[in-house]
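Trainee: Pasted the sequence and its predicted model underneath.
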Amino acid sequence: MIYLEKLEQLKALFQETEQAIIAYSGGVDSTLVAKIAYDILGDKALAVTAMSPSLLPEELEDAKIQASIIGIRHQVVETHEMDNPNYTSNPINRCYFCKSELHDTLKPLANKLGYPYVIDGVNADDLHDYRPGIQAAKERGARSPLAEVGVSKVEVRQISQHLGLSWWDKPAQPCLSSRFPYGEEITVTKLQRVGRAEIYLRKLGWNNLRVRSETDTARIELPPEQIQDFIVNTDLKSVVSAFQEFGFIYVTLDLEGYRSGKLNQVLNKEALQTVN
């Protein structure tokens, strides 16, 4: 199987690195990288998670649990992208400033500990999407083994399942700032509001979802095949009441359904050229 061949290539890559510090979010991609790094390098591998208002507390706890199960050393550091107006003003290249802050935090740590570079969880599919943060990481010397070997998102899950990682099918969970339309200012209050809303829905059993936020309106996105079930079997009045307690005024349901990167559909080539 092709994904098993790529797994062997990843192992060989880590054998050559001799040691590794991993930008570890707890998502399926970076967790796979952490798993392989630990299997090959043992205590010479270190997973580092950045803590900020754009990361759900539950995601941080998951990251800690997963690192413990893998056995890899794990460290949490704070990042301060919310102090940067280039980030909080939410331009179309917001992710560039987020990843700049991340790697400007991790690179000195790597240097201090004697690691030659930081390794991230960017996969081959990410290279075909609008991901300005990838450029920020490259500028700071980061490496992306999954992308280097050509491992797709599907193959990340296949390899994770093959290695016995119980979270192999964990839904993607990008930072909470991705829930806001470009140009709307991001604040800690807004991030917390979105985070609480998504946690509320997950506790109701809806795991693969997004709560998009536009001013005072929440827009719930679910997989298209789950929309009817949500309408029929959810106490909608309770959902509205809960969301209003979180700080939203209006609560809507996106009839198109969840689609990764949906807010990028407003971008055009000319706009992208101005930031690249």
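Mentor: Cool, got the structure.
Trainee: so Ala50 is in which element?
Mentor: strand 45-51 (DSSP states H and E).
Trainee: so Ala45 sits right up against Gln15, yeah?
Mentor: No: the criterion here is C-beta atoms under 8 Å, and Ala45 misses it with Gln15 at 11.9 Å. For every residue, glycine as well, the C-beta is placed using N, CA and C.
Trainee: Neighbour count for these two, which is higher?
Mentor: Between Ala45 and Gln15, counting by other C-beta atoms under 10 Å, Ala45 is the more crowded of the two (26 against 10).
Trainee: Excluding sequence neighbours, find me the nearest residue to the more buried one.
Mentor: What sits nearest to Ala45 in space, not counting adjacent residues and going by C-beta to C-beta, 6 or more residues apart in numbering, is Ala37, at 3.9 Å.
Trainee: where's that neighbour relative to Arg196, distance?
Mentor: Ala37 sits 33 Å away from Arg196, taking C-beta to C-beta, to the nearest Å as the criterion.
Trainee: now Leu13
Mentor: 40 Å.
Trainee: The residue nearest to Val28 when sequence neighbours are not counted: neighbouring residues, count only.
Mentor: Distances taken as C-beta to C-beta, 6+ apart place Lys170 nearest to Val28, at 5.0 Å, with adjacent residues excluded. Other residues near Lys170 come to 18 when the count uses other C-beta under 10 Å.
Trainee: Start at 4, not 1
Mentor: From this message on, residue numbering opens at 4, which makes the last subject Lys173.
Trainee: can you confirm Lys173 is in a helix?
Mentor: No: read with DSSP: H, G, I helix; E, B strand; the rest coil, Lys173 is coil and lies in no helix.
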